[in-house]
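Peer 1: Structure here, sequence nowhere to be found:
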Ligand SMILES: N[C@@H](CCC(=O)N[C@@H](CSC=O)C(=O)NCC(=O)O)C(=O)O
């Protein structure tokens, strides 16, 4: 059941904010969705003409969509408010889905003590360590949300891509590399590309998954890529600013690049002089990511 919190007309489509009860998280979660003009009338649970139950796929209405996973300190509103993606998504007929970045209301002691762990820092993984394991299950949550949008807002399950920024870039790489039939197109902006090697990733993985690094590989894009049996079919697009203050210590795109080269994975890793880590960088390149995904998904 989706609870509409607000909606705003936007480039002929509609930007909405929803809350719903998440089974994966065990708490209410929020997300934003931009519906392009042709899908702007879609309502949750709407019965499709000629079909027996609400939410059943209807080829004439189902839309391609792009999940965008945001980074540390962000929420479901950050991308909608700062990236400026709606105009091009409206043109391309792409739905845009932006989840929150962690559970809210888990009431874990200390979850708000740091900006890079706990609240707004769920790292898109399923925690195995107490006290996080009960609610910090963002990996399963993204898969749950995908199914929910297929059922409730006519997202076409065969045409879903995923993109993300920083911690969200890490999440996008991991989710797509592990689920290439669910996410058919993949890109990232300044991703944490080898989290086992960097302070953010080591802190998160130790806290959520435990000190045994054997458990970390399933959530490390560079390690996953090194073990890939077949390349990600559509190729991967990554943009990275060279004036990014987190680049040297936290991001390691060169490690992911080397893993792709060894695995025979087509990768466009574009390095941009002068761009930093923030949303001015994201806003500068998001249009090219939307067009990349639209091409891969056969949109518009
Ligand atoms: N508080 C931090 C900066 C936090 C930050 O830069 N967050 C990034 C994502 S970092 C990796 O996931 C972000 O997207 N912030 C939102 C924004 O609007 O820029 C500090 O003190 O450095």
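Peer 2: Arrived safely. Predicted model, so just to flag it, every value in this text is computed and none were measured.
Peer 1: Spatially central residue in this structure, please.
Peer 2: Nearest to the centroid of the C-alpha atoms of the chain, with distances taken as CA atoms, centre = their mean, sits residue 69, at 2.8 Å.
Peer 1: show me the contacts for that residue.
Peer 2: 98-99, 101, 124, 142, 162-165, 167-169, 171-172, 175 (CB atoms under 8 Å, 6 or more residues apart in numbering). In this view, the C-beta of every residue, glycine as well, is placed from N, C-alpha and C.
Peer 1: Does residue 192 touch residue 199 like I think?
Peer 2: No: Residue 192 is beyond contact range of residue 199, at 10.2 Å (criterion: CB atoms under 8 Å).
Peer 1: neighbour-wise, which of these two wins?
Peer 2: residue 192 (31 against 12; other CB atoms under 10 Å).
Peer 1: did I read that right, that one in a strand?
Peer 2: No: checked against DSSP: H, G, I helix; E, B strand; the rest coil, residue 192 lies outside a strand; its state is coil.
Peer 1: next one: stretch 66-77 to chain centre, how far?
Peer 2: Mean-position distance between stretch 66-77 and its chain equals 7 Å (CA atoms, centre = their mean, to the nearest Å).
Peer 1: before we move on, what about stretch 127-136?
Peer 2: That offset, for stretch 127-136, works out to 20 Å (CA atoms, centre = their mean).
Peer 1: who touches that stretch?
Peer 2: Contact with stretch 127-136 is made by 25-27, 102-103, 106, 108-109, 122, 125-126, 137, 207-210, 215, as judged by CB under 8 Å, 6+ apart.
Peer 1: Would you mind checking these for buried ones?
Peer 2: Neighbour counting with 16 or more other CB atoms under 10 Å marks 25, 27, 102-103, 106, 108, 122, 125-126, 137, 207-209 as buried within these.
Peer 1: Residues of the stretch 101-250 of the chain that sit close to the ligand?
Peer 2: Within reach of the ligand by CB under 6 Å from any ligand atom, the stretch 101-250 of the chain has these residues: 115, 165-167.
Peer 1: Derive a ChimeraX selection command for the buried subset of those.
Peer 2: Entered in ChimeraX, the line below selects the buried ones among these, by 16+ other CB under 10 Å:
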select :165,166,167
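Peer 1: Pull the contacting residues for the residue of the stretch 151-300 of the chain found nearest the ligand.
Peer 2: Using CB to the nearest ligand atom, residue 166 is the residue of the stretch 151-300 of the chain that sits closest to the ligand, at 2.9 Å. Neighbouring residues of residue 166 by CB under 8 Å, 6+ apart: 71-72, 189-192, 246, 251, 277.
Peer 1: helix or strand for residue 163, which one?
Peer 2: strand 155-165 (DSSP states H and E).
Peer 1: so what secondary structure elements neighbour that strand?
Peer 2: strand 63-69, helix 138-152, helix 167-178, strand 185-189, helix 279-297 (3 or more CB pairs under 8 Å, 6 or more residues apart in numbering; DSSP states H and E).
Peer 1: Alright, calling it a day.
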